[in-house]
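[1] structure for the following, please:
(one chain, ligands or ions: 2)
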Amino acid sequence: MTGLDGFPDAALLTLEDFRSADAPMGRCLEIARAACRTEIPILVLGESGTGKTLLARAIHNSSRRAAGPFVSFNAAALSDTLLDSQLFGHEKGAYTGAHKQLRGKFEMADGGTLFIDEIADMSPLAQAKILRAVEYGEFERLGSEKLRKADVRLISATHYPLERYAGSDGFRRDLFYRISGLTLTLPPLRERPNDLKALVASAILRAARLQGRSIDGLSRAAADALFSYPWPGNLRELDRVIHAAVAMTEGEVIEETSILVRRDAEASRPAAPPRTGGDDSLRAAERAHVLRILEEHGGNKTRAARALHVARSTLERILSASK
Ligand SMILES: Nc1ncnc2c1ncn2[C@@H]1O[C@H](COP(=O)(O)OP(=O)(O)OP(=O)(O)O)[C@@H](O)[C@H]1O
Ligand SMILES: [Mg+2]
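    Ligands and ions are numbered 1, 2, ... in the order given. So this is what the prediction gives:
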């Protein structure tokens, strides 16, 4: 297992496995090929499920560091102490619960690639530490003053349009410039109409192989349903829908009834914010909007504030104002 979301070939994936007949993706792959030839830090942007993690892996596998380690680190939802000790390691007893010495991801990635996923979710303190580590290749384990060095190539990813947040209260501009030597933007699946057919075909092959099935193709109606769908969850959703379709198929041809997506494109758009009971004031609309964005971000105020381009304190003020 590779731990990469069930994608079976991730450990062997190279840039050769990525092809595109669509201009935005073609451009992204062109920059990715340049990224493989250099040691410049890479920032991978793109909506959730567009393949950022897999592309990062492929770049490592196609780079001069391929024989070195690929160490993956997810910065989302970690406290400062945990993030610190995960990234830089700690000595025994450095904090309550640090029962034994731990090597951090930076040390583990020495000679290879460190992949920091969800980098926009790091606290300002963590950002400052990362900046120093990537700028000078130097860091200390928590609870130790010994300066350590690691030769690490950094690839970061986020589904936020980070260039818009950089410099605002969310993300340090200096760190943004440091990590984005080359920026790769993975387009959403709806902007890859020419690739969709090949992506569906390879997803069917993969699902059939994994489920030990033999699938011959799709009915016309099933194909229409797949090709008219806007794929808000991108490649991850495509993979899931195809797996389900293969599982639902009894014969060798996938029928429309096995394609479990909302048929009307309208239905997959986010719903309009609920009207606030009779209150047409701008303030009520503002509060309703904030609530909706908060819900979209699973109740995470930091992320919601970032999406709204306001400080977290502003978001809290709006929420606590009575209707
Ligand atoms: N190049 C690809 N070809 C086919 N399927 C892909 C490709 N890249 C990704 N996928 C599918 O999409 C899933 C998600 O990919 P990945 O984890 O790389 O996306 P992501 O952009 O990192 O998502 P998130 O923002 O949620 O972390 C994979 O498990 C796989 O099923
Ligand atoms: Mg990912």
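[2] next, see if stretch 225-243 gets close to ligand 1.
    Yes. Counting by C-beta under 6 Å from any ligand atom, contacts between stretch 225-243 and ligand 1 involve 235-236, 239. In short, each C-beta sits where N, CA and C put it, glycine included.
[3] ok, and the most crowded of these?
    residue 235 (23 neighbours; other C-beta atoms under 10 Å).
[4] state whether that one is indeed within a helix.
    Yes. Under DSSP: H, G, I helix; E, B strand; the rest coil, residue 235 sits within a helix.
[5] keep the residues of stretch 225-243 next to ligand 1, but drop any that are not near ligand 2.
    When C-beta under 5 Å from the ion is taken as the criterion, no member of those contacts ligand 2.
[6] nearest to residue 301, of the residues you listed?
    residue 236 (25.6 Å; C-beta to C-beta).
[7] list the contacts of the closest residue to that closest one other than its chain neighbours.
    Excluding the flanking residues, the one nearest residue 236 by C-beta to C-beta, 6 or more residues apart in numbering is residue 49, at 3.3 Å. Residues in contact with residue 49 (C-beta atoms under 8 Å, 6 or more residues apart in numbering) are 233-237.
[8] give me phi/psi at residue 49?
    Backbone torsions of residue 49, given as degrees, to the nearest 10, read phi 80, psi 10.
[9] same thing with the one 4 residues further on?
    Note on residue 53: its backbone torsions stand at phi -60, psi -40 [degrees, to the nearest 10].
[10] re the thing from before, of all the residues of stretch 225-243 next to ligand 1, which comes closest to residue 26?
    residue 235 (16.3 Å).
[11] so what's that closest one closest to, chain neighbours aside?
    Closest to residue 235 by C-beta to C-beta, 6+ apart is residue 51, at 5.1 Å.
[12] so who does the one you found touch?
    Contacts for residue 51 (C-beta under 8 Å, 6+ apart) come out as 186, 234-235.
[13] how close does the residue of the stretch 201-323 of the chain found nearest ligand 2 sit to residue 203?
    Scanning the stretch 201-323 of the chain for proximity to ligand 2 using C-beta to the ion identifies residue 236 as nearest, at 8.8 Å. To residue 203, residue 236 is 11 Å away according to C-beta to C-beta, to the nearest Å.
[14] equivalent analysis for residue 231, please.
    Applying C-beta to C-beta to residue 231 and residue 203 gives a distance of 12 Å.
[15] backbone dihedrals for the closest residue to ligand 1 within the stretch 51-200 of the chain, please?
    Nearest to ligand 1, among the residues of the stretch 51-200 of the chain, is residue 51, at 2.8 Å (C-beta to the nearest ligand atom). Phi and psi for residue 51, reported as degrees, to the nearest 10, are phi 100, psi 30.
[16] residue 137 now?
    phi 70, psi 20.
[17] that one and residue 151 touch, don't they?
    Yes. With contact defined as C-beta atoms under 8 Å, residue 137 reaches residue 151; the gap is 6.5 Å.
[18] hmm, back to that, show the pLDDT at the residue nearest to residue 235.
    Residue 51 is assigned 96 on the pLDDT scale.
[19] for residue 1, same thing?
    Residue 1 is given a pLDDT of 29.
[20] again, but for residue 294
    pLDDT for residue 294: 85.
[21] cool, and residue 269?
    For residue 269, the model assigns a pLDDT of 52.
[22] if we can go back for a sec, shared neighbours, residue 231 and residue 203?
    residue 238.
[23] what's across from the residue in the stretch 101-250 of the chain that ligand 2 sits nearest to in the sheet?
    Residue of the stretch 101-250 of the chain nearest ligand 2, by C-beta to the ion: residue 117 (5.3 Å). Beta-bridge partners recorded for residue 117 (DSSP bridges): residue 74, residue 157.
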